[in-house]
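In: got a predicted model here, sequence first, then my questions.
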Amino acid sequence: MQARYGKIQAKRFSDQVFEHIRDLVFQGDLEPGQQLLPERELAKAMGVSRPTIREAVRRLVDRGLLEHRQGRGTFVRDPESARIANPLSLMLDDNAPTLAELMDVRLGLECNSAMLAARHSTAEDVAKIEESHNEMRSSHTKGVLPFTQEARFHVAIAYAGRNMLQVHLVKYLNDLIEGVLENGEESLFDSPAIVNSVFSQHEKILEAIRSHDALAAFHAMRTHVASSIDSIATRSLLLARKGRVSPMGTLREDTG
């Protein structure tokens, strides 16, 4: 049977625009609530036609990353509405996972992410990870590190692994974790000692990736995420002793 070879088509401009804006959102360069440039200005800035921009933006809206606001423009979705559209949330339906369950999944996912980054990262990727780390150092205040900032470091690592499935999983899992933290008014990094420890752990992860040492990157990331898991377990145990939660981490109803 004669094979039918077709011409290779270059990636459509709308696909490239979609991917570029998606990456800006995932990496935090476009922040929740931030407005996109008007269509005409965006087309000029990116060197493409307005219909190309329109198609890419439509897809980003369909994916739940952007939203149109009548008479105001197009915005990056705010965290709450973005979490509602999170594909992992949709799969879970009403079975909301606990913070401990999410962190257990994060352990395996992030270790693999660091390993991939060590194997496939370029100098540009490493610079992006380092930039994210430096931004955290310069912007955290009063000994508290918001999870959003920490998550950007991990998304940058995922991008360095050159696996978009990994990027999506890391991004959406971290969004779920951030939602649980906000709803519970908790923080994983709520003291100067913990924040300094996080920065030290990040530096070890970064150095392993820079050195392309996959095994060292795996273990450095495991130490980092495991320390958060240990903190959650310790906090849960302390609250249980005070009668606020059960040992499994579920809230108890007030009895009087």
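Out: Sure thing, it's come through.
In: buried residues in the strand or helix carrying Glu124, which are they?
Out: Counting by DSSP states H and E, the element that carries Glu124 is helix 123-139. For helix 123-139, burial by neighbour count (16 or more other C-beta atoms under 10 Å) applies to 125-126, 128-130, 132-133, 136. (C-beta placed from N, C-alpha, C; glycine too.)
In: equivalent analysis for stretch 66-76, please.
Out: Neighbour-count burial for stretch 66-76 [16+ other C-beta under 10 Å]: 66-67, 74-76.
In: in JSON lines, list the residues you listed along with secondary structure.
Out: Below are the buried residues of stretch 66-76 laid out as JSON lines (DSSP: H, G, I helix; E, B strand; the rest coil):
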{"residue": "Leu66", "secondary structure": "strand"}
{"residue": "Glu67", "secondary structure": "strand"}
{"residue": "Thr74", "secondary structure": "strand"}
{"residue": "Phe75", "secondary structure": "strand"}
{"residue": "Val76", "secondary structure": "strand"}
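In: residue nearest the centroid of this protein?
Out: Relative to the mean C-alpha position of the chain, the nearest C-alpha, by C-alpha atoms, centre = their mean, is the one of Lys171, at 3.2 Å.
In: and the helix or strand of the chain with the lowest mean pLDDT, which residues are buried?
Out: Ranked by mean pLDDT, DSSP states H and E, the weakest helix or strand in the chain is helix 79-84, scoring a mean of 73. Buried residues in helix 79-84, counted by 16+ other C-beta under 10 Å: 79, 82-83.
In: what is the burial count for the closest residue to Val144 other than its chain neighbours?
Out: Taking C-beta to C-beta, 6 or more residues apart in numbering, and ignoring the residues beside it in sequence, Val144 has Asp190 as its nearest neighbour in space, at 5.6 Å. Neighbour count of Asp190, defined by other C-beta atoms under 10 Å: 14.
In: which SS state does Asp190 fall under?
Out: Secondary structure assignment for Asp190 (three-state DSSP): coil.
In: swap in the one 4 residues further on?
Out: Going by three-state DSSP, the secondary structure assigned to Ile194 is helix.
In: just the strands from the chain, written as ranges.
Out: Counting by DSSP state E, the segments of the chain that form strands are 66-69, 73-76.
In: can I get those in TSV including mean pLDDT?
Out: Below are the strands of the chain laid out as TSV (pLDDT from 0 to 100):
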stretch	mean pLDDT
strand 66-69	94
strand 73-76	95
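In: fine by me, we can end here.
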